[in-house]
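> Quick one, structure for this:
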Amino acid sequence: MKSTTRIQLSFMMFLEFFIWGGWFVTLGTFLGSNLAATGAQTGMAFSTQSWGAIIAPFIIGLIADRYFNAERILGVLHLAGAFLMYRMANVPDFTAFYPLVLSYMILYMPTLALVNSVSFNQMQDPAKEFSPIRVWGTIGWIVAGLTISFIFSWDAQEAIKAGALKNTFLMAGGASLVLGIFSFFLPKTPPKVEQGEKVRIADILGLEALRLLNNRNYLIFFVSSVLICIPLAFYYQQANPFLVEIGMQNATGKMTIGQVSEVLFMLLLPVFLKRYGMKATLLVGMAAWTIRYLLFAFGDVGQYSFMLLLGIALHGICYDFFFVSGQIFTDSKAGPKIKSAAQGLITLATYGLGMLIGFWVAGKISDANLLADGTHSWQNIWVFPAIFAAAVFVLFGLLFKNEKLEAAEVEDVPVVPTEPGAVV
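Numbering: from 1, shown residues only. Just a heads-up that it's a prediction; the model follows:
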């Protein structure tokens, strides 16, 4: 690959995840402070990610793969996204905000697959070439959080009260505008499917992979994956409002510790899989969710602030040891003809169905623990997903039988993480 192409793709990845990290992390705090949204309404807003994940395969499979160059669709979607971001920054209430954020996520989620398509189309050896480019996406997410907290201090208590978090949408919208224009100068990525070639809905949704559920072990994993996404949703929806409300300084910037942790634990994942096997790896990932939420439930910004930071740092284990190892397990169970379909199915089930339920439950639990002074009983909120994750841990531990993976399968683990919703 030419160095200029590598720089182009790296910049594309940086902006793609800078945009997402620039508003999604603080969304819950923005909704509560700027729009006086209820917990249920906040859950509705976060669930747009799931609806976007459900609809994205249709946009990619029925439009992008058949008619237009991927880089051109990427440009159009981000230009439209920039306009929606500007509108979201200036809405008066949640009623006006919701259709905008829903429209935005329906447009944004397909871009996660499109940036990968543009990248892979330029690579001779994706296994070696993709990781150094994709890591710039993680860096973009981190830079967005650090910018919000340490450069502009938009998540400081006084700034939040003054409505400063609306600026996160303007920042993300500006980056979306840049990426939208820049996309038209990316290397050409023509349609993958010849015009006139029949594309089945079952192929787009990965339904052919449903036969994997005939395997008892995979069925247990599949159900556990959907269930563990319910407590997962609590972190994305409630963590930033929680940290801000209890008074943590530079909360958004400190939450980027989670992304740094992802990179570090991704490097440890192949070693852990080889030494302890798939079952132990998945169990460690699920156990980390329970421990994290208990740390949030009993930590504070004073003497026990280390518990909050440790809970954030556990994100690498929580995500890598369950979701990334789960992708590897899915790949190992699928035959060569349905590998893509199997990954599509597990993504649809987790980030679609599982997190859709999780965001709804998190909103209800939040409303049930709203106090008269406008604050929340956070200990009660965090204990619920801790218990739920522990129950899934026990269920999985009792029913799932350990399986050994082939050495080649373990060595093919990607060395950089994917944010929720990203397709690799």
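
> how is the chain carved up into domains?
As recorded under automatic domain parsing, the domains making up the chain are 1-189, 206-419.

> Where among those domains is average confidence lowest?
Per-stretch mean pLDDT for the domains of the chain is lowest at domain 206-419 (a mean of 88).

> what about Thr189, which SS state?
Under DSSP: H, G, I helix; E, B strand; the rest coil, the three-state class of Thr189 is coil.

> Next up, the contacts around it.
Counting by Cβ atoms under 8 Å, 6 or more residues apart in numbering, Thr189 touches 69-71, 117-118, 121. (Glycine included, C-beta is placed from N, CA and C.)

> Take those and keep only those in helices.
Judged by DSSP state H, the subset of these located in helices is 70-71, 117-118.

> In TSV, list the residues you listed along with neighbour count and distance to Phe329.
Below are the ones in helices among the contacts of Thr189 laid out as TSV (neighbours: other Cβ atoms under 10 Å; distance: Cβ to Cβ, whole Å):
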residue	neighbour count	distance to Phe329
Ala70	29	29
Glu71	23	33
Ser117	19	24
Val118	23	28
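
> how about those residues, which pair is most distant?
The most widely separated members of the ones in helices among the contacts of Thr189 are Glu71 and Ser117, with 8.8 Å between them, by Cβ to Cβ.

> circling back: can I get the contacts of Thr189 in CSV with distance to Phe30?
As requested, the contacts of Thr189 are exported to CSV (distance: Cβ to Cβ, whole Å):
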residue, distance to Phe30
Asn69, 35
Ala70, 31
Glu71, 31
Ser117, 31
Val118, 31
Asn121, 36
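
> so which of those comes closest to Lys274?
Ser117 (31.1 Å).

> Go ahead and confirm that closest one touches Ala70.
Yes - at 4.6 Å, Ser117 and Ala70 qualify as touching, with contact defined as Cβ atoms under 8 Å.

> Next up, the contacts around the nearest residue to Pro231 once chain neighbours are set aside.
Closest residue in space to Pro231, ignoring its immediate chain neighbours: Pro385 at 3.5 Å, by Cβ to Cβ, 6 or more residues apart in numbering. Taking Cβ under 8 Å, 6+ apart, we find Pro385 in contact with 230-231, 234, 289, 293, 362.

> Inside helices: which ones of the residues you listed?
Applying DSSP H to these, the entries found in helices are 230-231, 234, 289, 293, 362.

> Which two of the residues you listed have the greatest separation?
Comparing all pairs in the ones in helices among the contacts of Pro385 by Cβ to Cβ, the longest separation belongs to Trp289 and Ala362, at 13.5 Å.

> These two: which has the busier surroundings?
Between Trp289 and Ala362, Ala362 has the larger neighbour count (other Cβ atoms under 10 Å), namely 30 against 27.

> Can you name the residues that contact the more buried one?
By Cβ under 8 Å, 6+ apart, the neighbours of Ala362 are 39, 43, 46, 233-234, 237-238, 385.

> now do 7 Å
By Cβ atoms under 7 Å, 6 or more residues apart in numbering, the contact set of Ala362 is 43, 233-234, 237-238.

> In JSON lines: those residues, plus distance to Ile328 and neighbour count.
Shown next, in JSON lines, are those (distance: Cβ to Cβ, whole Å; neighbours: other Cβ atoms under 10 Å):
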{"residue": "Gly43", "distance to Ile328": "31", "neighbour count": "26"}
{"residue": "Ala233", "distance to Ile328": "23", "neighbour count": "27"}
{"residue": "Phe234", "distance to Ile328": "25", "neighbour count": "27"}
{"residue": "Gln237", "distance to Ile328": "27", "neighbour count": "28"}
{"residue": "Gln238", "distance to Ile328": "29", "neighbour count": "28"}
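
> on that earlier part again, does the residue nearest to Pro231 count as helix, strand or coil?
From three-state DSSP, the assignment for Pro385 is helix.

> ok, it to Ala172 distance?
Separation of Pro385 from Ala172 (Cβ to Cβ, to the nearest Å) stands at 27 Å.

> do the same with Leu146
15 Å.

> that older thread, name the nearest of the ones in helices among the contacts of Pro385 relative to Met266.
Among the ones in helices among the contacts of Pro385, and counting by Cβ to Cβ, the member closest to Met266 is Trp289, at 17.5 Å.

> who's in contact with Ser103?
Residues in contact with Ser103 (Cβ under 7 Å, 6+ apart) are Leu84.

> Also Ile55?
Applying Cβ under 7 Å, 6+ apart to Ile55 gives the contacts Ile106.

> what does stretch 85-95 contact?
Contact partners of stretch 85-95, identified using Cβ under 7 Å, 6+ apart, comprise 31, 35, 37, 41, 97, 100-101, 104, 166, 169-170, 172-173, 176.

> change it to 8 Å
By Cβ under 8 Å, 6+ apart, stretch 85-95 touches 23, 31, 35-37, 41, 45, 97, 100-101, 104, 166-167, 169-170, 172-173, 176.

> Can you lay out the ones in helices among the contacts of Thr189 as JSON lines showing distance to Thr111?
Converted to JSON lines, those look like this (distance: Cβ to Cβ, whole Å):
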{"residue": "Ala70", "distance to Thr111": "10"}
{"residue": "Glu71", "distance to Thr111": "11"}
{"residue": "Ser117", "distance to Thr111": "10"}
{"residue": "Val118", "distance to Thr111": "10"}
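
> out of those, which one sits closest to Phe184?
Glu71 (6.9 Å).

> Burial check on the residue lying closest to the closest one once chain neighbours are set aside, number of neighbours?
Leaving aside its sequence neighbours, Glu71 sits nearest to Leu186 (Cβ to Cβ, 6+ apart; 4.1 Å). Leu186 has 24 neighbouring residues, counting by other Cβ under 10 Å.

> what does Cys318 give?
Cys318 has 29 neighbours, counted by other Cβ under 10 Å.

> who are the neighbours in contact with it?
Counted by Cβ under 8 Å, 6+ apart, Cys318 has contacts 232, 235, 285, 288-289, 292.

> Check which helix or strand it maps to.
Using DSSP states H and E, Cys318 maps to helix 315-319.

> do the same with Phe265
Per DSSP H and E: Phe265 is located in helix 257-298.

> counting contacts, what elements does that helix pack onto?
helix 126-146, helix 216-245, helix 305-313, helix 315-319, helix 325-333, helix 378-399, helix 407-411 (3 or more Cβ pairs under 8 Å, 6 or more residues apart in numbering; DSSP states H and E).
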